[in-house]
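Asker: Turn this into a model:
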Amino acid sequence: TTAISALVGAAYTTIHTHGSGNFTAGDDYIIIVRAKLFSESTTAISAIKVRHGTTDFADSEHLVLQSTTAANDFPSPYAYFVRWTAVTSEDITVQIRGTAAASEAQADQITVTAIRLNALTENTDFWYTDSTTDTALSVAGINGASISLTPPASTDLWVMTFGRVDIGSITTSAGSRIVSTGTFAESLPSFQKEGDDATNEIWVVHNERVFVGLGNVAQTFKEQAFVESGPTGNVLHSRIFALRLNIFRNRKVAYTETAEVLGTTAWADPFQVTQSITPDVSGDMLVSGAAIFDAGAALREILYRLQFENANPPTVDQPPTQTADSYDEGSCLDADNQVSFGVTTVEAVTASTAYTADWEGHTNSTTGAPQVVSRSFVAFTFELATNAQTLTPSAATAAWAVNAPTVVKGGVVKTPDAATAAFAVNTPALIK
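Answerer: Numbers count the residues shown, from 1 in each chain. Got it, this is the predicted structure:
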């Protein structure tokens, strides 16, 4: 896999490849991509996008100006998902670029996770819809992709939404949220931030939450894009995916809305900790944490790690080596920014072994009382509850790309201290 990368100029460069051998042609997958994007330019846009084969997922392109300096890299968390029907010999690739000759775009901690859908029943086990209507933003919010269902009682539903927002202004915040009715009549989680380039910034906004213990009543969930004041800006695309986690043989879920006020002591602030699970099958387990970082003051940073362990260390860090490296995983340039962040990994597990996940972090300064809200956690094995065995596609993998910068300047490639870490090196038991 390709590790952390940096480049100069406006040409897209592939920095991560999830090979075609991980997919079965003709089968449907949910592709989930995470990364952090940053630069050392105070004036130039950095961009990231996802491709299948030689074709872009056109709605995946995220263009952002972080107004950073050589001394301070303030990363922009990137998360994108899409339903895709695999094509023979098509890889999933992640590309980045700068947008000016003197700009340097960088990406780190790139993950690609694939969930195969073919063994599942749409609108019973999972739901997925798109809206491609280009609509001007409003303060009240623009209703985008939505789903409606009446689930069995005690359903745990994992929901992800996506809104692609053309901000239109740098004087007011734009954002996206999950709006729900039924058991939870809420508008959470909610992302919002101010931009720095009204002409060129277009954001891919991701929200994620597990809705725990839904009742056997009518439920709706939708993506809703909005602007703090205006109108200004547009929502270009909207998407929602929901997965009923009760269909899996082993699962652990947690959600807490209450704010966790952050300190500066490393890893002392719990987002979701001591989340324990003892699977009764061996194979692979998807683990995902997501939340909102409410900055409270300008130039606040969020640092986090997810540790997944059993009674026999070593403990697994996600992102890899984060305990030692203590990398800034997301930042807010304005006091009223509330940005989504998260981590998704696949870990090999052994039957009858107890595992504990600790998702925790801290900040760079307590000024403004920065906090984390809408704290969601899911873990589940890929074994279906009704299956007698785990069915595994050939050579399916999910990999982290971390900590080995490749810098391209003036046509010269320089690669310091290459290091690559991977998860799910044992073939993940994706749904078949």
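Asker: and the gap between Ile302 and Pro320?
Answerer: 18 Å (Cβ to Cβ, to the nearest Å). No exception for glycine: its C-beta is placed from N, CA and C like everyone else's.
Asker: which one of those two has more residues nearby?
Answerer: Ile302 (27 against 21; other Cβ atoms under 10 Å).
Asker: May I have the beta-bridge partners of the residue nearest the centre of the chain?
Answerer: In the chain, the residue lying closest to the centroid (Cα atoms, centre = their mean) is Ala79, at 3.6 Å. Note on Ala79: beta-bridge partners Arg34, judged by DSSP bridges.
Asker: Next up, the contacts around it.
Answerer: 32-34, 204, 206, 208, 340, 342 (Cβ atoms under 8 Å, 6 or more residues apart in numbering).
Asker: Of those residues, which is the nearest to Gln106?
Answerer: Arg34 (15.2 Å; Cβ to Cβ).
Asker: tell me, how many neighbours does the closest one end up with?
Answerer: Arg34 sits with 25 neighbouring residues when counted by other Cβ under 10 Å.
Asker: Give me the pLDDT for it.
Answerer: What the model reports for Arg34 is a pLDDT of 96.
Asker: helix, strand or coil for Thr183?
Answerer: coil (DSSP: H, G, I helix; E, B strand; the rest coil).
Asker: Neighbours of it, how many?
Answerer: Residues near Thr183, counting by other Cβ under 10 Å: 19.
Asker: I'd like the distance between Ala290 and Glu257.
Answerer: Ala290 sits 13 Å away from Glu257, going by Cβ to Cβ.
Asker: swap that for Thr24, please
Answerer: 39 Å.
Asker: Could you work out the end-to-end span of stretch 271-289 for me?
Answerer: 9 Å (Cα to Cα, to the nearest Å).
Asker: Low-confidence ranges, the stretch 51-200 of the chain, go.
Answerer: 67-73, 100-103 (pLDDT under 70).
Asker: quick one: the strands in it?
Answerer: Using DSSP state E, counting those that start in this stretch, the strands of the stretch 51-200 of the chain run over 55-56, 62-64, 76-85, 92-98, 104-116, 126-131, 135-136, 142-149, 155-166, 174-181, 190-193.
Asker: Turn the ones you listed into a markdown table, including distance to Arg249.
Answerer: Listed next are those as a markdown table, based on distance: least, Cβ to Cβ, whole Å:
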| stretch | distance to Arg249 |
| --- | --- |
| strand 55-56 | 36 |
| strand 62-64 | 35 |
| strand 76-85 | 23 |
| strand 92-98 | 27 |
| strand 104-116 | 15 |
| strand 126-131 | 16 |
| strand 135-136 | 41 |
| strand 142-149 | 22 |
| strand 155-166 | 14 |
| strand 174-181 | 27 |
| strand 190-193 | 33 |
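Asker: Quick check: which of those is nearest to Ser39?
Answerer: Short answer: strand 104-116, nearest of those by Cβ to Cβ, at 5.2 Å.
Asker: ok and that closest one relative to strand 126-131, angle-wise?
Answerer: 130 degrees (axes from the mean of the first three to the mean of the last three Cα atoms, to 10 degrees).
Asker: which other helices and strands contact strand 104-116?
Answerer: Using 3 or more Cβ pairs under 8 Å, 6 or more residues apart in numbering; DSSP states H and E, the elements in contact with strand 104-116 are strand 5-8, strand 13-18, strand 28-39, strand 46-52, strand 92-98, strand 338-349, strand 400-401.
Asker: most tightly surrounded among the ones you listed?
Answerer: Highest mean neighbour count of the helices and strands packed on strand 104-116: strand 400-401, a mean of 26 (counted as mean count of other Cβ atoms under 10 Å).
Asker: Now do that strand, average pLDDT.
Answerer: Strand 400-401 comes out at a mean pLDDT of 48.
Asker: what kind of secondary structure is Ala324 in?
Answerer: At Ala324 the chain is in helix, as set by three-state DSSP.
Asker: re the thing from before, columns distance to Ala86 on top of the contacts of Ala79, output as CSV?
Answerer: Below are these laid out as CSV (distance: Cβ to Cβ, whole Å):
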residue, distance to Ala86
Ile32, 15
Val33, 15
Arg34, 20
Val204, 22
His206, 22
Glu208, 24
Ser340, 28
Gly342, 25
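Asker: just curious, which of the residues you listed is nearest to Leu157?
Answerer: Of the contacts of Ala79, the one sitting nearest to Leu157 (Cβ to Cβ) turns out to be Glu208, at 11.7 Å.
Asker: Would you confirm that that closest one contacts Ser340?
Answerer: Yes: using Cβ atoms under 8 Å as the test, Glu208 is close enough to Ser340 to be in contact (7.2 Å).
Asker: Quick check: neighbours shared by the two?
Answerer: Joint contacts of Glu208 and Ser340 (Cβ under 8 Å, 6+ apart) are 79, 189, 290.
Asker: and the last one, what helix or strand is that in?
Answerer: Meaning Ala290. For Ala290, the host element (DSSP states H and E) is strand 283-294.
Asker: residues contacting the nearest residue to Glu122 once chain neighbours are set aside?
Answerer: Counting by Cβ to Cβ, 6 or more residues apart in numbering, Tyr128 is the residue found nearest to Glu122 once chain neighbours are left out, at 7.2 Å. Listed by Cβ under 8 Å, 6+ apart, the contact set of Tyr128 reads 30, 83, 122, 147, 239-242.
Asker: Could you provide the residues you listed in a markdown table, with additional columns for distance to Ser376?
Answerer: Shown next, in a markdown table, are the contacts of Tyr128 (distance: Cβ to Cβ, whole Å):
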| residue | distance to Ser376 |
| --- | --- |
| Ile30 | 17 |
| Arg83 | 21 |
| Glu122 | 23 |
| Ile147 | 18 |
| Arg239 | 18 |
| Ile240 | 15 |
| Phe241 | 14 |
| Ala242 | 13 |
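Asker: Quickly name whichever of those residues is closest to His62.
Answerer: Arg239 (14.1 Å).
Asker: tally of neighbours for the closest one?
Answerer: Using other Cβ under 10 Å: Arg239 sits among 23 other residues.
Asker: do the same with the one 10 residues further on
Answerer: Here the number of neighbours of Arg249 (other Cβ under 10 Å) works out to 17.
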